[in-house]
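Quick one, fold the following:
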Amino acid sequence: MIRSQGRAGRVGAAAVAALATRLTERDRLVALDCYEHRVLTTEQLRRLHFGSIRRARWRLERLYQLRVLDRFRPPRRHGEGSSPYHWILDEAGAHVVAEALGVERSELGWRHQAAIAIAASSKLAHQLEVNEFFTRLAEEARQAGGGLASWWGERRCLAALGGQAAADGYGRLELPGTQPVSFLLELDRGTEEHERLRQKARRYARALPRSELAADDPAVVVAAPTPARRDNLARALAESSAPLRVITWTPERSPLATLAEALPLARTHRPIPDHQSDLAPPPAPHA
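Reported below is the predicted structural model:
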């Protein structure tokens, strides 16, 4: 059974006020990421904000006690051991996020019941894989001397594209020796029909020129799970007028090395790893 661990309901005004002296800027960024990207594992948050897994575990436990974050562990089959903690925003964290975004808590459009529902959702695996791609990309870009300057979640992408297309994420990479590169990620797991993907491509072609991303001219990167699926998608999408690039990515591959096959990324002096790994504040919420 998936559940959070016996949390009380509302957080009082006095408790919220007391948080101001107990939270660091990093704590606020952790809360913002859990709001923007719905659910992140301990290791994913470590990549984004901490120098060691031990430090990440210690601080995330503290944020759990303060009700900035809540957590759950998905079940595993017998003999596989315990799942890592998966972190979501909690009630006090919602107040932290609202303050950071300059909105009232009631305007945030967030409810704990809806947030914890992802624990039992069929979308959990997909969301975690998207977050795996971006958090590993952030770490690899940092190791290469640059960074992932922006990472937007699905809801912000949908709003930026006028509700016409919902990419799994938007990223803006800054690496040494080149101009920043922007992309929208569509994480394909081989289940969508070609015609539906062609319809998506047409929606991107209509939406991007009129969106707030138009100046960045992001590529739409479709990440397929196998080379065969990649090649089939490339043929099916060849007539699309959207700037689609089809790549092959699985969690065993380096996101940065994979993107380098499709985007004009700089060659760096530090090698880009290609091996298996463990698993900026968003704007005010859109209506």
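
Stretch 157-171: end-to-end distance?
In stretch 157-171, first residue to last residue: 10 Å (Cα to Cα, to the nearest Å).

no no, stretch 214-224
Span of stretch 214-224 from end to end, Cα to Cα: 25 Å.

Identify the residues contacting that stretch?
133, 167, 170, 172, 181-188, 190, 197, 201, 204, 208, 230, 233, 237, 242-249, 258-259, 262-263 (Cβ atoms under 8 Å, 6 or more residues apart in numbering). To be clear about C-beta, it is placed using only N, CA and C from the backbone, and glycine gets the same treatment.

need the helices for the stretch 51-200 of the chain, in chain order.
All helices of the stretch 51-200 of the chain, identified by DSSP state H, counting those that start in this stretch, fall at 53-65, 91-101, 112-116, 124-143, 154-160, 194-207.

any low-confidence regions in this structure?
Counting by pLDDT under 70, the ranges of the chain that qualify are 1-9, 12-14, 78-81, 240-243, 266-287.

ok now do the residue nearest the centre of it, which residues does it touch?
In the chain, the residue lying closest to the centroid (Cα atoms, centre = their mean) is residue 131, at 4.0 Å. For residue 131, the contact set (Cβ under 8 Å, 6+ apart) comprises 37, 39, 40, 41, 44.

Swap in 7 Å and give it another go.
By Cβ atoms under 7 Å, 6 or more residues apart in numbering, the contact set of residue 131 is 37, 40, 44.

For residue 124, see how far away it is.
11 Å (Cβ to Cβ, to the nearest Å).

just residue 254 next, same as before
24 Å.

For the contacts of residue 131, which single residue is the most surrounded?
residue 40 (29 neighbours; other Cβ atoms under 10 Å).

Angles on the backbone of that one, please.
Dihedral pair for residue 40: phi -140, psi 140, per degrees, to the nearest 10.

ok, back up a step: need the helices of the stretch 51-200 of the chain in TSV (columns: distance to residue 18).
Output for the helices of the stretch 51-200 of the chain, formatted as TSV (distance: least, Cβ to Cβ, whole Å):
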stretch	distance to residue 18
helix 53-65	13
helix 91-101	10
helix 112-116	20
helix 124-143	30
helix 154-160	30
helix 194-207	44
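
Tell me which of these sits most buried.
helix 91-101 (a mean of 22; mean count of other Cβ atoms under 10 Å).

roughly how far out does that one sit from the chain middle?
Its chain's C-alpha centre and that of helix 91-101 lie 19 Å apart, by Cα atoms, centre = their mean, to the nearest Å.

what about the residue nearest to residue 26 when sequence neighbours are not counted, how many neighbours?
Take residue 26 and drop its neighbours on the chain: the residue closest to it by Cβ to Cβ, 6 or more residues apart in numbering is residue 49, 5.4 Å away. By the criterion of other Cβ under 10 Å, residue 49 has 19 neighbours.

Repeat that for residue 111.
By other Cβ under 10 Å, the residues close to residue 111 number 11.

what does residue 30 give?
27.

Wait, it touches residue 50, no?
No: Residue 30 lies out of contact with residue 50 (Cβ atoms under 7 Å); the separation is 9.1 Å.

What is the neighbour count of residue 174?
16.

residues contacting the closest residue to residue 70 other than its chain neighbours?
Nearest non-adjacent residue to residue 70, counting by Cβ to Cβ, 6+ apart: residue 90, 4.0 Å away. Contacts for residue 90 (Cβ under 7 Å, 6+ apart) come out as 7, 67, 68, 69, 70, 112.

which residues does residue 245 bridge with?
Beta-bridge partners for residue 245, by DSSP bridges, are residue 221.

Now do it against residue 187, distance only.
Residue 245 is 14 Å from residue 187, where distance means Cβ to Cβ.

Compare the two (neighbour count), which wins?
Comparing residue 245 with residue 187 by other Cβ under 10 Å, the one with more neighbours is residue 187, at 19 against 16.

May I ask you to confirm that that one is in contact with residue 127?
No: Residue 187 lies out of contact with residue 127 (Cβ under 7 Å); the separation is 9.6 Å.
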